[in-house]
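Chemist: Return atomic coordinates for the entry below.
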Amino acid sequence: MADVTPSVSGAAVRRRRTARLGPNLVLAAAAVFFLAPLLAMARFALQNVPVIFLGRSTLFKNYSFEAFAKAFHAPQFQGTLVLTLKLAAATVLCTLALLVPTALYVHLRLPKARGLVEFLTVLPYVVPPIAMVAGVAAFFRPNARWFLNSNYALVPFYVVLALPFTYRAIDAGIRSIDVRTLVDASRSLGAGWFTTMFRALIPNLMTSIVSSSFLTATVVMGEFTIAATLSKATFPVFTFQYQTSSARGGVALALLALVGTTMLLGMLTLLTRRGPRRRAVARF
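Modeler: Here you go, the predicted model:
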């Protein structure tokens, strides 16, 4: 028996290592698939050496932030970036104001309608953005041109585009807590619906609210089709137009947007991981 046990344990260790080999290879392939384009973009934006002249002797030469500096000093850079940040903030507020009460009402009063609501929130995946904006623009241009003339006309479109992500984040947060017990306890203590919402429910849903806010902001920071179709000078549209006159500068701005959205998703991951460890307490 003394000779059999080590061989059995060694075989088990080898099986575990073999079982982990497949997932590790998939992760490595995914890392190369996503990081290789980013590294290529960073090299093109930072290194002033044409690709045909790249070699061992020039691989680490002529790196600078010149392309970023020129892009930052472009006339439309600050205005388009500020507009996109304003649109992101307005979209986040509208999304939360629409979805948080809706998700709570469906969970408390209409649980049978949850499937229908989930189906409606998936529709932005089915309808292409270009088809949606073309149909809406065809209706509003002859009837309410003042609406499309405003830059904030993009907010409703962005709210619709973010629905598949934001609704599921909020719905997951609602399912993770005992909403009915919190509402009944708050109402039994004499609190109204407004007090119950902002002092009992929202503090317990803060993690899902933050998650949906970051996801919405990420959608707004990268949306191009709708803004270009409606001729709005947002940051993605400016990045595309600037690339036609300065290829390195356009790639630098695209890299900046990718890094910014990646940082947002990283912050979302950290907040989501820390959220369950904190004990949520309702305040009355």
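Chemist: Ile130 contacts Phe224, correct?
Modeler: No: with the criterion set as Cβ atoms under 8 Å, Ile130 and Phe224 do not qualify as a contacting pair; they are 10.6 Å apart. (Glycine included, C-beta is placed from N, CA and C.)
Chemist: Can you say which helix or strand has Ile177 in it?
Modeler: Using DSSP states H and E, Ile177 maps to neither a helix nor a strand.
Chemist: Apart from its neighbours in sequence, what residue is nearest it?
Modeler: Taking Cβ to Cβ, 6 or more residues apart in numbering, and ignoring the residues beside it in sequence, Ile177 has Asn204 as its nearest neighbour in space, at 5.0 Å.
Chemist: count of neighbours near the one you found?
Modeler: 19 (other Cβ atoms under 10 Å).
Chemist: do the same with Leu59
Modeler: Leu59 sits with 10 neighbouring residues when counted by other Cβ under 10 Å.
Chemist: quick one: it is in a strand?
Modeler: No: inclusion of Leu59 in a strand is not indicated when DSSP: H, G, I helix; E, B strand; the rest coil is applied; the result is coil.
Chemist: where's it relative to Asn48, distance?
Modeler: The span separating Leu59 from Asn48 equals 13 Å under the rule Cβ to Cβ, to the nearest Å.
Chemist: Then Asn151?
Modeler: Using Cβ to Cβ, which is the criterion applied here, Asn151 is 36 Å from Asn48.
Chemist: Looking at those two, which has the bigger crowd around it?
Modeler: In this comparison of Asn151 against Asn48, neighbours counted by other Cβ under 10 Å, the higher total goes to Asn151 at 17 against 13.
Chemist: Is it correct that the more buried one is in contact with Leu83?
Modeler: Yes: distance between Asn151 and Leu83: 6.0 Å, which falls inside the contact criterion (Cβ under 8 Å).
Chemist: which neighbours do the two share?
Modeler: 232-233 (Cβ atoms under 8 Å, 6 or more residues apart in numbering).
Chemist: Spatially central residue for this structure, please.
Modeler: For the chain, the residue whose C-alpha lies nearest the mean C-alpha position (Cα atoms, centre = their mean) is Leu215; its distance is 2.9 Å.
Chemist: Tell me, what's the model's pLDDT at the closest residue to Ala103 other than its chain neighbours?
Modeler: By the measure of Cβ to Cβ, 6+ apart, the closest residue to Ala103 outside its immediate chain neighbours is Ile170, 4.9 Å from it. We note a pLDDT of 90 for Ile170 in this prediction.
Chemist: what helix or strand does Ile170 sit in?
Modeler: Assignment of secondary structure by DSSP H and E places Ile170 within helix 154-175.
Chemist: Going C-terminal from that helix, what's the next secondary structure element?
Modeler: Tracing the chain past helix 154-175, the next element assigned as helix or strand by DSSP H and E is helix 179-188.
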